[in-house]
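Chemist: Need a 3D model of the sequence below.
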Amino acid sequence: MTTPVAVATPAKVRPVAQARTGSGRSLKLGNQLLLQLLCLAIGSTVLFPIVWIVGMSLDPRNIARPDSLIPPGANFAAYGRVLERPTLNPVSFFQLALNSLTLAVIISILSVGLGVLAAYAFSRMKFRGREFMMLLILAVLMLPAVATVGPLYISMNRIAVGGFRLGGSLLGVALAVTSTQLPFAVWNMKGYLDTIPKELEEAATVDGASRFQTFYKVVLPLATPVLAVTALFGFIAGWTEFILAQVFVVGDPTQWTLAIALNALVGQYAGSTPWSTFAAFAVLFALPVMIVYLLLQKWIVSGLTVGGIKG
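Modeler: Model (predicted):
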């Protein structure tokens with residue numbers, strides 16, 4: 001007697017016209033085509049400026065309004081000029097990039113380090129004036145960044161040790177920018193820490209962990225997404241900072257950042273601006289931010305959405 005063999009049910013292939021949305025409703029072919037055309041239009045709108053600036057950087061004619069996305073005689077000569085000597089000052093591109101990287105890393109570390117400590121205190125500790133201080137932090141977020149340039153410059157210039165003046169250094173710029181980034185960092189991370197169950201810390205305390213151990217070994221690993229988001233915003237703020245850096249260190253080209261050097265390429269008139277060099281500089285200036293974003297991408301969405309649930 002032979003044993004019957006179970007025959008696998010053939011998989012059903014869903015037609016394109018019967019595709020379903022996330023809610024389970026059928027999506028007709030016409031609606032699919034409409035949505036795909038809409039996505040293509042949005043993608044084209046986003047990518048067109050990038051393709052335009054890349055094409056301008058490859059154009060040897062050095063014109064402000066290229067007549068084609070792929071210019072005739074395209075070459076990388078503009079990138080070579082930028083890497084060798086981007087401005088008239090004897091400062092290389094790599095020195096400028098090092099200054100910008102130093103500024104961005106310091107701001108990112110300070111924003112995350114100081115912000116998470118303050119956010120943890122606001123999220124877990126009860127003390128007098130807690131709600132009022134949170135409202136003050138929210139009020140600072142509403143101030144425009146330009147309004148703080150004067151007070152920060154005056155305050156930083158009063159701090160001097162020997163021949164070192166904080167108001168004329170990259171360190172002073174980093175501290176000034178950090179002061180503008182901290183309100184966002186505290187508010188964002190406080191909202192995320194509120195979503196972490198307190199029972200996890202209580203269980204660690206029962207097992208003999210101290211307050212610092214519960215913060216370091218329980219809270220921080222769970223808060224990785226919001227830490228990554230805060231670090232990314234701090235890095236972007238430092239890398240692209242222009243106003244404070246222009247005010248603080250404009251007189252010393254050795255402390256210039258990429259943003260200051262890029263602005264220095266702009267001539268008084270459109271015809272006096274080296275547009276190919278300017279475009280190549282802009283492309284190289286944007287690459288590090290894109291790389292950092294790609295590295296932290298998997299944490300960014302969760303950190304932004306969950307962090308805004310509670311406040």
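
Chemist: Other residues contacting stretch 73-89?
Modeler: With contacts defined as CB atoms under 8 Å, 6 or more residues apart in numbering, stretch 73-89 is touched by 55, 57-61, 91-94, 96, 253, 256, 261-262, 264-265, 276-277, 279-281, 283-284. All C-beta spots, glycine's among them, are computed from the backbone N, C-alpha and C.

Chemist: what are the ranges of the strands in this protein?
Modeler: Taking DSSP state E, the strands of the chain run over residues 160-161, 164-165.

Chemist: Quick one, which of those gets closest to residue 67.
Modeler: strand 164-165 (49.5 Å; CB to CB).

Chemist: Now tell me what touches the closest one from outside.
Modeler: Residues contacting strand 164-165 (CB under 8 Å, 6+ apart): 157, 159, 172.

Chemist: ok, the nearest residue to the first one once chain neighbours are set aside - contacts?
Modeler: Same thing as residue 157. Leaving aside its chain neighbours, residue 157 sits nearest to residue 167 (3.4 Å; criterion: CB to CB, 6 or more residues apart in numbering). Residue 167 makes contact with 153, 156, 157, 158, 159, 248, according to CB under 8 Å, 6+ apart.

Chemist: Tell me, how many residues neighbour residue 238?
Modeler: 28 (other CB atoms under 10 Å).

Chemist: Any figure for the gap between it and residue 37?
Modeler: 39 Å (CB to CB, to the nearest Å).

Chemist: Average pLDDT for the helix ranked longest in the chain, rounded please.
Modeler: Assignment by DSSP state H gives helix 93-124 as the longest helix of the chain. Averaged over helix 93-124, pLDDT sits at 93.

Chemist: Check stretch 261-276 too.
Modeler: 80.

Chemist: number of nearby residues for residue 156?
Modeler: Residue 156 has 22 neighbours, counted by other CB under 10 Å.

Chemist: For it, give me its contacts.
Modeler: 166, 167, 172, 175, 176, 248.

Chemist: Excluding covalently adjacent residues, which one is nearest to it?
Modeler: residue 167 (3.7 Å).

Chemist: now do residue 249
Modeler: In this structure, residue 249 finds its nearest non-sequential neighbour in residue 255, 4.1 Å apart by CB to CB, 6+ apart.

Chemist: mind checking how far the residue nearest to residue 156 is from residue 247?
Modeler: From residue 167 to residue 247 the distance is 9 Å (CB to CB).

Chemist: again with residue 183
Modeler: Taking CB to CB, one finds residue 183 at 21 Å from residue 247.

Chemist: and if you look at residue 72?
Modeler: From residue 72 to residue 247 the distance is 42 Å (CB to CB).
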